[in-house]
Each structure stands twice: as structure tokens, then as C-alpha cells.
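K.L.:
Below is the sequence, then the predicted model.
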Amino acid sequence: MRLPCEVSVSSRLLPSAGLRGPGRGARAVVALGKPPGGGGVWLQLRENIEQLFTKFVEEGKATVRLKEPAVDICLSKANVGHLKTFLSAMKLADRGTSEESLPLSTLAPPKASEVEKPKTKMTITSRKDYPFAQSFPYTLEQLQASYCKLPRIDTCILGLKRLRKLDLSHNLIRKLPVTIGDLVSLQELSLQGNLLESFGAALCNSTLRKSLQSLDLSQNKIKALPAQFCQLRELIHLKLDDNDLIRLPFKIGQLSQLRFLSVARNKLPFLPNSFGKLSLESLDLFGNPFEQPNPLAPDIQLKIPLTLWEHSARATINYRLPYSCHVLPSHLCHDLDMSKSCHCGQACLSSFIQTTVTMNLHSVAHTVVLVDNMGSTEAPLLRYFCSLTCYSQFLDRHLQSIR
């Protein structure tokens, strides 16, 4: 039984002699087996393991403390499954299990490939180079598989728990599996130039919320992003160019870390109300068919008097009362999640006045790409009002500003 990993051996007697312990570990192969001539286990383990430290075994790390010699063998960067099997075999050997019962073979020198530094980066740019018949190295941290005509994301990719950067651009992927949210270390994801029509709400509620910093969905067929998209709070770079987007998530202003946003050549008629809360370094909205804003022609959906549900829902949001599907029916939670914010700061749900106003994009971004060929850096912003009073006050200020 062989375990390729990084190994460092520390003597517990060194501190008493005033000496420092070993430095960084070295790539090696730890083997459990019989010496070439037979005659039992090569390193005495029977009743010789003082303790196994396995708190970080899910990260490929463990420490074996021997009684004699008084050393700690520190294992790291190992395959998690292989490490668990190896530790189980060591426990059996310590308990005195017979050699016939242990999966041991005759020891042999390790191959050069076993002690090489594990591969962390792989780039594939053609279908003929894609490893369809074998799995990827589990140590991969960066993977690019572009122009491979992949119709889906392979399960072998979804098992690469160390991936920080995944580039699957220019393939034929139509749908994203929910399990892509299990890539707990993923920081950069590029899906440019595929056939995606959606980005699932389940992905927005996965571990990607805490890890994903860069997302490229440009050159797909996406018409809308789910409201839950704004749960990806760590996003810094977001590219949505050349899709069929007819709207942006209405709570996009919650993406407080977002600094680079590109939504060029889509079908946006206006920007959501919360867009004004963004603080960007670069913004590109070129080539969208923005409507001409007209604050004097509102869409009035105000119901007077307000329904009991509207009163209750507004109070829940305004007073920040906690709610969840364990307390309320799921459809009511969904309605509360979709609440709108009036210019006065109060909430409204299904009863409101809606209009569009002109927004100078330099108010949210340092660098702004022109919206059209006429040199404009302005776009229509959707705005909501919770009452006639709020709309009247806004209208008075607007009329005074254009006099």
C-alpha cells in the first residue's frame, strides 16, 4: 500500500536539546508493506502508534505519532480517500492484525511519477486532447477546457475540490448541474461562449456565495438571472455581454463587492432601482435598447386602501422582522424577498407607483463605456414609490430641477 504525499518527520526530543524541528515537507511516497525478503512489516507498527491526529483528514492531512522512535510523521497534500484507507491499515497493524489480513505487498522503490510535485494546473484547448477515458488529477487548482465541444460538465470535474479557477468557455453546455456549487474553493468561473439559457437559483444558494469572485457568462442565451443571484456577495468581476437579458436582478445593489460589470449588447430597457447602490470601477452597458425615461408617465399599481397583506408585509420588511419558510408559507417568503424599496426608504410589494428617471452612470462607476454611439453616459433607472405622497414630492423636485 503506497501513499504519495508530502512528508515531514519531527523528533519530539529536539526541543529538549534546544534544537529546532524540521522545515517544509518533501514530496515522497509512504509505503506500508513487507520488506523484499519477507519477514513482517518493514517499520514496526504493532503497538507502536501512540496517536493518530486526523482532524484535518478531509483536507488530505494527518499526523502519525510513534512511540519508538519518538517522532511525529506529518502527512499532507494526500488524496483524501487514499489517506483514509492508509490510516485504517496502520490502525490494524498497530492492533497486531496478521499480515495475511492486511492488504500489504512487497515493498519496492517508488516510481519517479509518484514523487513528482502534484499537478495543479491544466490547459486543454481542443477536443482531441480532452481526457475522456481517464480522470483529472485530484490536485488541480486551475483547469481550462475550452473548444472541446462539451455538451455538459463532466462529473470528474465536479469532484475536483481544490479547483480555484475553472474555464469551460467555448463549449456546447446548455445547463449547469447543481453540484457545481460543491466546488468549495472555486473563485473564478468562465462559461463564455456556451448555450446556457439560465443560471439556476440553487447555485446562488450554494457554497459559491462565499467563494466565487469572478463570473463570466458572456456570449450565451440567458434572458434573465434569478433574484437569488444577488446572494453571490463576493463577486468582484461579472461579465454578461452578448446575451438576451431583458432585465438585471432587481436587488443587484446588494453585490457590495462588485467592481467590474459588463452587460454590453443585451436587451435591457432600463436598470433596476437598486443599481444606484453599486460602487464600481468599470461599467459597460453599450448596445442596450434603453427606453427614454419619462417620470411624468408613471405606471400606477397603487391600491387604496392597502390590503391587510400589504400592510403586514411592509411592516415585516420595514421593521426587519425575521422570517423563513419554517414560519411562513414559501410563497409568502418569496413575496417578501421580492419587496421593492421606495425613495423614502420604506418597502412596498404589490401596491406601488413605478416610473423611470435618468441616471448618470458616473454616479456609480469611475470608468463608464458610452451607452450608445451618441456619446451618452446616462441610462433609465426604474424607481418605485410606496404612496401618492412620495410620488408627489418626487414630482415637485423633478419639475423644479427642469425649470
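P.N.:
On my side now, so go ahead.

K.L.:
Thr179 falls within a helix, correct?
P.N.:
Yes: counting by DSSP: H, G, I helix; E, B strand; the rest coil, Thr179 falls inside a helix.

K.L.:
so what's it closest to, chain neighbours aside?
P.N.:
Leaving aside its chain neighbours, Thr179 sits nearest to Leu158 (4.9 Å; criterion: C-beta to C-beta, 6 or more residues apart in numbering). From N, CA and C alone the C-beta is placed, and that goes for glycine too.

K.L.:
what's the neighbour count on the one you found?
P.N.:
Using other C-beta atoms under 10 Å, the number of residues around Leu158 comes to 17.

K.L.:
dump the residue contacts of it.
P.N.:
With contact taken as C-beta atoms under 8 Å, 6 or more residues apart in numbering, Leu158 is in contact with 177, 179-180, 182-183.

K.L.:
got it, and Ser351?
P.N.:
Here Ser351 is in contact with 301-303, 306-307, 310, 386 (C-beta under 8 Å, 6+ apart).

K.L.:
Pull out the buried residues from those.
P.N.:
Using 16 or more other C-beta atoms under 10 Å as the burial test, the contacts of Ser351 include 302, 306, 310, 386 as buried.

K.L.:
Now the two most distant members of the contacts of Ser351.
P.N.:
Greatest spacing in the contacts of Ser351, by C-beta to C-beta: Thr307 and Cys386 (13.7 Å).

K.L.:
Mind checking which of the contacts of Leu158 are buried?
P.N.:
177, 180, 183.

K.L.:
do you know how far the first one is from Arg152?
P.N.:
Remark: distance between Pro177 and Arg152 (C-beta to C-beta, to the nearest Å) = 7 Å.

K.L.:
still on that earlier bit, rebuild the contacts of Ser351 as JSON lines, extending it with pLDDT and secondary structure.
P.N.:
JSON lines is the format used below for the contacts of Ser351 (pLDDT from 0 to 100; DSSP: H, G, I helix; E, B strand; the rest coil):
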{"residue": "Gln301", "pLDDT": "93", "secondary structure": "coil"}
{"residue": "Leu302", "pLDDT": "92", "secondary structure": "coil"}
{"residue": "Lys303", "pLDDT": "90", "secondary structure": "coil"}
{"residue": "Leu306", "pLDDT": "93", "secondary structure": "coil"}
{"residue": "Thr307", "pLDDT": "93", "secondary structure": "coil"}
{"residue": "Glu310", "pLDDT": "94", "secondary structure": "helix"}
{"residue": "Cys386", "pLDDT": "95", "secondary structure": "coil"}
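
K.L.:
Closest one to Lys91 out of the residues you listed, please.
P.N.:
Taking C-beta to C-beta as the measure, Lys91 lies nearest Glu310 of the contacts of Ser351, at 63.5 Å.

K.L.:
Spatially nearest residue to the closest one (excluding sequence neighbours)?
P.N.:
Closest residue to Glu310 apart from its sequence neighbours, by C-beta to C-beta, 6+ apart: Ser351 at 5.0 Å.

K.L.:
For Leu308, see how far away that neighbour is.
P.N.:
To Leu308, Ser351 is 12 Å away according to C-beta to C-beta.

K.L.:
before we move on, the earlier item: what is the nearest of the contacts of Ser351 to Ser363?
P.N.:
Using C-beta to C-beta, Cys386 comes nearest to Ser363 of those, at 23.1 Å.

K.L.:
What separation do you get for that closest one and Gln354?
P.N.:
As judged by C-beta to C-beta, Cys386 and Gln354 stand 11 Å apart.

K.L.:
Am I right that Val368 sits in a helix?
P.N.:
No: under three-state DSSP, Val368 sits outside any helix and is assigned strand.

K.L.:
separation between it and Leu283?
P.N.:
Per C-beta to C-beta, Val368 is found 5 Å from Leu283.

K.L.:
Those two: which is more packed in?
P.N.:
Each of Val368 and Leu283 has its neighbours counted (other C-beta under 10 Å); Leu283 has more, 26 against 21.

K.L.:
Report the contact partners of the more buried one.
P.N.:
When contacts are counted by C-beta under 8 Å, 6+ apart, Leu283 touches 261-262, 361, 364-365, 367-369.
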